[in-house]
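S.K.: Here is a sequence with its predicted model. Questions after.
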Amino acid sequence: MLFDEIDLYPVTCEALSQGRSNLEVLRALIAGGARIVQLREKNINKRELFEMAVRFREITAENNVKLIINDHLDIALAVEADGVHLGQSDIPCAVARKLVPRLIIGVSTHSLEQALQAEKDGAAYVNLGPIFDTKTKGVLTKGIGIDLIKRVMPHLSIPFTAMGGINAENIDIVLAAGARRVAMVTALTQAKDITEAAAFFIRKIRTKSLPNRSSK
């Protein structure tokens, strides 16, 4: 399945990209080996997001990279993205799944109960987090802790990504807990060399993942 081939899961945020545009970040991520990217922008209007998504779709399609749109199912459909990522306050996963049977649908979850509900509702994958403290949403969000991975992993049959405050200093702890797909924002977007950072994290994850690439 698709997520057997996913390791690093980059998520965009232009405001946290050291003055670089999302398109610059996207190209650097692809050059570093990323095979999927989530377009997430909370602070622009929907028309601007649509236009950005069009360009993302063009570039990702040319490079055989999967494109996921954060929050907006309509934009994901309009640009023929590969999937949509939904938060707990977005359209319910079960409703989205009925509307788009073939689209990749990811769901942000913060507990075992939410993760299992997302799986039941037809999610293709769930995101677990935040694992560590993070400020990517503008305010400090306290991390749930590494035990979230350990609690959820034995019970989940679909793939998951781990996210939230993960960086070069703590990724080994995340991988040791069992995560094999890691979602990141600032560890990539604020890196001096985004391409080099992406390649570094991909090597880290793949080293832990081989030879077994199970759905979990």
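M.R.: Alright, I've got the coordinates. Just so it is clear, the structure is predicted and the values come from calculations on it, not from any experiment. Numbering: from 1, shown residues only.
S.K.: which residues touch Glu196?
M.R.: Taking Cβ atoms under 8 Å, 6 or more residues apart in numbering, we find Glu196 in contact with Gly32. Quick note: C-beta positions are derived from backbone N, CA and C, even for glycine.
S.K.: and it, what element?
M.R.: Per DSSP states H and E, Glu196 falls inside helix 194-209.
S.K.: which of the residues in that helix are buried?
M.R.: Buried residues in helix 194-209, defined by neighbour count with 16 or more other Cβ atoms under 10 Å: 194-195, 197-202, 204-205, 208-209.
S.K.: now stretch 72-83
M.R.: Result for stretch 72-83 [16+ other Cβ under 10 Å]: buried residues 72-73, 75-76, 79, 81-83.
S.K.: export these to CSV and tack on pLDDT?
M.R.: Below are these laid out as CSV (pLDDT from 0 to 100):
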residue, pLDDT
His72, 98
Leu73, 98
Ile75, 98
Ala76, 98
Val79, 98
Ala81, 98
Asp82, 97
Gly83, 98
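S.K.: between those, which is nearest Gly33?
M.R.: Looking at these and their distance to Gly33, the nearest is Asp82, at 17.6 Å (Cβ to Cβ).
S.K.: Need the phi and psi values for that closest one.
M.R.: Backbone torsions for Asp82, taken as degrees, to the nearest 10, come to phi -80, psi -20.
S.K.: nearest residue to it other than its sequence neighbours?
M.R.: Closest residue to Asp82 apart from its sequence neighbours, by Cβ to Cβ, 6 or more residues apart in numbering: Lys66 at 4.4 Å.
S.K.: which residues touch the one you found?
M.R.: Lys66 sits next to 2, 6, 35-37, 60, 82-83, 104 when contact means Cβ under 8 Å, 6+ apart.
S.K.: mind running it again at 7 Å?
M.R.: Residues in contact with Lys66 (Cβ atoms under 7 Å, 6 or more residues apart in numbering) are 35-36, 60, 82.
S.K.: before we move on, what about Asn127?
M.R.: For Asn127, the contact set (Cβ under 7 Å, 6+ apart) comprises 106, 108-109, 160-161, 163, 183.
S.K.: which sections of this structure are below the confidence cut-off?
M.R.: Applying pLDDT under 70 to the chain picks out residues 1, 137-138, 210-216.
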